Structure formats: structure tokens, C-alpha cells
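**Q** Could you look at this predicted model? Sequence included:
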Amino acid sequence: MKGKIILAWRQEMYRIWGKIIAGVILLGTISCFAADMEFTNKIRSITTNIIESVSDIQKKVVAITDFTDLEGNVTTLGRFFAEEITITLVQSTKQINVIDRLQLSKLLIDRHISNQGIIDPAFAKQIAQVSGAEVIITGTVYPVANSVYLSVKIIDVSSAKIYAAGSEIIARDRILDDLIKSTGTSITQQKEVAADEKPFSPQVRQADVFVFVLKEVLYENHVLTLNMSIRNSTSELRYLTIDTVRAVDNNGNERFPSLFTVGGAQALIGERGRIYSPRKKGVSDRFDIRFLPGEELKAKICFRNISSKVTAIGFLEMTVAPVSIRDSRGTFARLENDPLTIQFIDIVIPGS
């Protein structure tokens, strides 16, 4: 009898401890989820403020640099927050073009420009020259007690003045603790190679079902020619509308094409790189190109009056609107209210 009582008591204790352990596990899971939600909400809040501020000053091209500690050193924690804000910003709006953070770092290294943490007027201008950015998002992040203090600044590249700023305190979790413990403080330096020694490397971009390839860069008599191909990657008939084309050279000058052709069809070029289509009885405000299933067409963009002092096009941007046919009557489904933007970066001008 005594043995049965002891056995029953043990079973009851196991049951109680099982509930306690399960409760602790559940509480831990809820705590981790809550911490994750707090981090996500804080990043979203910061991103929303960035979008509103950038929209207020009517800027569309944003570069995000690595965040630093209080001493101006780039840290693993700083890179993490810069990447999280970049991803959230891209996911939150299509009205702002975000320069890829890693690509920007590579451009700075290739141009022998120090990727410094403190943004001064000279450095802001250099970032604008190599990337075409109109606004720089930067900031500081560092641990404080059981939290992380994050400050974000929006800088106008034309003046290097801070247009807007904000800060958040975010509770630390295991991920942030691991990042804080990390000792990496600087971008790995790549082997320096002179611009005239770099072999040309084709650049590939995609917008919807269309694949754009920059295949060749030519420079002669102050005319820069970019030879490209555009391919319809589907097995369906598709149309592509080219809306605008613009570029920014390494001196920070905005440039618009003097010639633009796709598949032998030559466009008319209006103000600020606006692309029009010539018609027999006038001009159409849409430059629509017809692509057969899987068809690849050649494209050419020319820029005139390019000085020999210009060594590169830091930023080439094309705004396009893919078009599909919705029914047998040939009705177009045009993404005119949701255009796509493709960017080619750091196009070195040969022989310059």
C-alpha cells in the first residue's frame, strides 16, 4: 500500500513538473516572439519615417551606408541594421529606388574611396557621383545595458546637411547579443585595380519577364555608346514600354541620351530622358516594343558631349512598363501605374 502511495505521488509530481516545464518553454517562446515583433515593428517604424521624409523633399534615389558605433567604426551590428532597413525599405515602397548596400561598398573600394562612417560633404558628393544617389541614409547603433540604441539620419547629398533624424531603443535578444560580440569592424579590402586595367564585365538586370544585358561600352569622338540586348524570357507574345532613360556620370552630372533604339526602332527623346514613339501622323507618348516568344532584340543608347575627363557612368537608370495581352482581342494589360526601374552601375568608359 505504501509503495502504491509513493508511486501515485511521483506520478502527480511528474505531471506538475511537466506542466511547469511546458509553461516555461511556452513563456520563452512567447518572449522570443514578442522580442522579434518589437524589433520588426521598430524597423518598420523607422522605414515609414524614411519614406515620408524622402517623399517630402521629392527625392527618389537612396543609398544606405553601413551604420557605425560612437567612434565612427563600421561594425557587424551596424551592417546588420543597415541591411534590415534596406530590405524593409525595398519591400515597403516602389516609389524609391534603393542602391544596393554591398554594391555601393564595392564601388567605393574600386574607386579607392574610403568607406568612412562619418559623412562629410566631400564623401557625400563622392557617393552621389558613383551611385547617382540623391539621399544618403546612415546612422549609429550601439549597445546600452539590455538594449540597443539606434539613430538614423537622412542626408541631402547636395549639401551634406541632415534633413531628418530619429532614434529608437530596441530590446536585445540572442541574435543582437551575438552580433554585439562579433569583432568585425571594417569591410574587407579588395585588391586595388586601376580602372583602365579592369576587363569589361557584362551587367544583367531583369524587369518582370524581360532580361536586359549591357554587352558593350564604346567611346569615340565624345560619344558614349552602350550596346545592350533585351530578351522576352516567356513563351508568350509580350510588349515592353520604355518610359525614361537617364544617367549620372562620375562628376555628378545628370545626362540624358541623344539616341535610343530597340530592335531597329528609333525613339524620340524628350525632356529629362522621356521616351516617345514616332508615328506616321504624329508622336505617340508610348514607346512600345513588340517581343515574340523568347525573342531577343538589340538596343543602343548614345550620350553625346561626353568629356574625356568623364571616366565612368556611375549610374544608368531605365524606367519600363511590361505589357501583356489579356485576351484574344489583343487587349493590353499595362503596368503603367506600377512601373519598374532597372539600374546599371559603375560603367567604366574605355580609353578615358
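**A** Perfect, thanks for sending it. Numbers count the residues shown, from 1 in each chain.

**Q** Which strand residues bridge residue 317?
**A** When bridges are called by DSSP bridges, residue 317 pairs up with residue 246, residue 343.

**Q** what sits against it?
**A** By Cβ atoms under 8 Å, 6 or more residues apart in numbering, the residues touching residue 317 are 61, 97, 132, 244, 245, 246, 247, 341, 342, 343. C-beta coordinates here come from the backbone N, C-alpha and C atoms, glycine included.

**Q** now do residue 39
**A** Per Cβ under 8 Å, 6+ apart, neighbours of residue 39: 170, 171, 173, 176.

**Q** One more pass at 7 Å, please.
**A** residue 170 (Cβ atoms under 7 Å, 6 or more residues apart in numbering).

**Q** and it, how far is that from residue 138?
**A** Shown here: residue 39 relative to residue 138, a distance of 20 Å by Cβ to Cβ, to the nearest Å.

**Q** Then residue 105?
**A** 13 Å.

**Q** repeat for residue 42
**A** In terms of Cβ to Cβ, residue 42 sits 18 Å off from residue 138.

**Q** Neighbour count for these two, which is higher?
**A** residue 138 (23 against 17; other Cβ atoms under 10 Å).

**Q** quick one, phi/psi of residue 178?
**A** Per-residue torsions, residue 178: phi -60, psi -40 (degrees, to the nearest 10).

**Q** what about it, how many residues close to it?
**A** Residue 178 has 12 nearby residues by other Cβ under 10 Å.

**Q** And it, what's its pLDDT?
**A** pLDDT recorded at residue 178 is 76.

**Q** who touches residue 313 in this structure?
**A** Residue 313 touches 247, 249, 347, 349, counting by Cβ under 7 Å, 6+ apart.

**Q** And the pLDDT at residue 212?
**A** Reading off the model, residue 212 has pLDDT 90.

**Q** That one against residue 232, yeah?
**A** No: using Cβ atoms under 7 Å, residue 212 is not in contact with residue 232, being 11.4 Å away.

**Q** more crowded one of these two?
**A** Using other Cβ under 10 Å, the more surrounded residue of residue 212 and residue 232 is residue 232, with 24 against 19.

**Q** mind checking how far that one is from residue 215?
**A** 17 Å.

**Q** between the contacts of residue 313, which is nearest residue 256?
**A** residue 247 (7.6 Å; Cβ to Cβ).

**Q** Next, count neighbours for that closest one.
**A** Residue 247 has 24 nearby residues by other Cβ under 10 Å.

**Q** Isn't it up against residue 316?
**A** Yes: proximity of residue 247 to residue 316 meets the contact threshold set by Cβ under 7 Å, at 4.6 Å.
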